[in-house]
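**Q** Here's my sequence, what's the structure:
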Amino acid sequence: MNNRWLGFLIPKIKIVVPSMNDVAYLRRKKVVVYGLKPHPDGYEVTIRKGAQKYLEEGYDVKQELSIYPALSKFALPVLAVFFMMMALMNRYSIGFEITGNLNPEQVRELEELVAPHFRMIGPFEFLLTDIEQIEADLADYYDEYIWFDVFRDGNNINIHVFHTNNNPSAQEISYSSALYARRTGLIKKVDLKIGRSLVTPGDMVRQGDRLITNTVLDPTGSDAEISTNKAVQGEVWAETWYLAEIIFPLQYFQNMFTTRLATRRILTLGGLSWQFPAEDVEFIDYETSVRRLDPFFFLENSPLFLETIHYYEKSDIMKVNDIEEIKQHAASLIKNEFASQTGEEFELVNWSILESSEMDNQVTLLFHVTILENIAH
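**A** Residues are numbered from 1 along each chain as shown. Below is the predicted model of the structure:
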């Protein structure tokens, strides 16, 4: 380690040599001389500890210079406290965090509920009970339409609480005296729960035809229907037919990562910050990745930390759609398109391309699609 500015890290010694010949000899041996001054017995030379072996005669060491003894007196207690705090952090929680979709009033209500499980000491909240006890109290307090999860993350207890959409009144199903076909189709399956089915697999029905009714036939043999005053319930699955149009550009720009990367390091001490290198990143568009080195991570506001920020450049890059490849994945595209238009279950049975055209950098694919769906409503 010959760097002059790092010389304070090198253990050194002071020796007295009778003449400058010895100093010149040390330099020929590429020994760094850190200090040289006249001495009544010759010259006092400061060199790296152990470098005196290059001299032909042995000289007594007048003084040893090293920062490590003094540093160890400071560093060892600090390291001991640091590792003790690490051990405590791994064993005990020092706070809790509430997340979810609760409003501020509900968050305050939850904080009051979990507060007895913690003891406040200064800025820290130490867990008195355990996670299982918190979960049990939450289960007793909330109804079945509140979802929660309690788990430990580092030195924090995380409490996730969400209102679900399982409103029983919203899930009530309205029934009528009959179910009708909302589309023309070929019947494939009838799932009858309440009522009498008027169709069987293989039947062709048109939009508006009755599928399931709450009536029974007159037992005398006539075609008259007698109502049972019951609400019908069931599903009638049929193959139906659609025209699906998929439009996409032949060429398009996509915001993508390039291969360029820039790194900046920011040292924060108290309210002051220093960036290395000091100049700003020249990228116009980028994403960042931040890694933080914080020796005081257990404090809410750390007085000293180092952040390493990686900037990954992004740019608009022209891409070309492969029409044949899109045709090969047409089934997925059709499913996604159909799923975006309906909240009902369905199955893609078959599809075929009717037309393919290109105009003004735009490609249009027209498909004839066969869907299996419940047409009863």
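
**Q** Every contact and neighbour count from this point should use C-alpha atoms.
**A** Will do.

**Q** Look up the closest residue to the residue nearest to the spatial centre of the chain, ignoring the ones flanking it.
**A** In the chain, the centroid-proximal residue (C-alpha atoms, centre = their mean) is S289; its distance is 12.5 Å. Setting aside the residues directly before and after it, S289 is nearest to H310 in space (C-alpha to C-alpha, 6 or more residues apart in numbering), at 5.2 Å.

**Q** Just to check, that neighbour is in contact with T288?
**A** Yes - assessed by C-alpha atoms under 8 Å, H310 is found in contact with T288 at 5.5 Å.

**Q** Just name the shakiest helix or strand of the chain by mean pLDDT.
**A** helix 68-91 (a mean of 68; mean pLDDT, DSSP states H and E).

**Q** ok, what's across the strand from the residue nearest to S289?
**A** Counting by DSSP bridges, H310 is bridged to T263, S289.

**Q** Can you give me the distance of it to I284?
**A** Between H310 and I284 the distance is 14 Å, computed by C-alpha to C-alpha, to the nearest Å.

**Q** Neighbour count: these two, which is higher?
**A** H310 (17 against 8; other C-alpha atoms under 10 Å).

**Q** Tell me the predicted confidence for the more buried one.
**A** In the predicted model, H310 carries a pLDDT score of 94.

**Q** How about E56?
**A** pLDDT recorded at E56 is 67.

**Q** same check, this time on M318
**A** M318 is given a pLDDT of 88.

**Q** count of neighbours near it?
**A** 11.

**Q** so where do the strands sit in the stretch 51-200 of the chain?
**A** Ranges of strands within the stretch 51-200 of the chain are 61-65, 95-100, 118-121, 124-127, 146-153, 156-163, 178-180, 185-194, 196-197, based on DSSP state E, counting those that start in this stretch.

**Q** same for the last one, what does it pack against?
**A** I take that to be strand 196-197. strand 210-213 (3 or more C-alpha pairs under 8 Å, 6 or more residues apart in numbering; DSSP states H and E).

**Q** got it, and the longest one?
**A** The criterion is 3+ C-alpha pairs under 8 Å, 6+ apart, and the helices and strands that strand 185-194 contacts are strand 204-205, strand 233-249.

**Q** Of the ones you listed, which shows the lowest average pLDDT?
**A** What stands lowest among the helices and strands packed on strand 185-194, in mean pLDDT terms, is strand 233-249, with a mean of 91.

**Q** relative to strand 185-194, how tilted is it?
**A** 140 degrees (axes from the mean of the first three to the mean of the last three C-alpha atoms, to 10 degrees).

**Q** Please identify which helix or strand holds the residue lying closest to S273 once chain neighbours are set aside.
**A** Leaving aside its chain neighbours, S273 sits nearest to L267 (5.5 Å; criterion: C-alpha to C-alpha, 6+ apart). According to DSSP states H and E, L267 maps onto strand 251-269.

**Q** And the contacts of that strand?
**A** 273-277, 281, 286, 303-321, 361 (C-alpha atoms under 8 Å, 6 or more residues apart in numbering).

**Q** looking only at pLDDT, what's the mean for that strand?
**A** Per-residue scores along strand 251-269 average to 90.

**Q** tell me the contacts of the spatially closest residue to F253 that is not a sequence neighbour?
**A** Distances taken as C-alpha to C-alpha, 6+ apart place M318 nearest to F253, at 4.3 Å, with adjacent residues excluded. The contact partners of M318, taken as C-alpha under 8 Å, 6+ apart, are 251-254.

**Q** ok, the residues you listed vs K62, which is closest?
**A** Using C-alpha to C-alpha, Q254 is the member of the contacts of M318 that lies nearest K62, at 71.0 Å.

**Q** Run through the residues that contact Y286.
**A** Contacts of Y286 (C-alpha under 8 Å, 6+ apart): 257, 311-314.

**Q** Correction: the previous question concerned V216.
**A** V216 makes contacts with 196, 225-228, as judged by C-alpha under 8 Å, 6+ apart.

**Q** ok, G271 - how many residues close by?
**A** A count of neighbours around G271, defined by other C-alpha under 10 Å, yields 7.

**Q** Next: L348.
**A** For L348, the tally of surrounding residues (other C-alpha under 10 Å) stands at 16.
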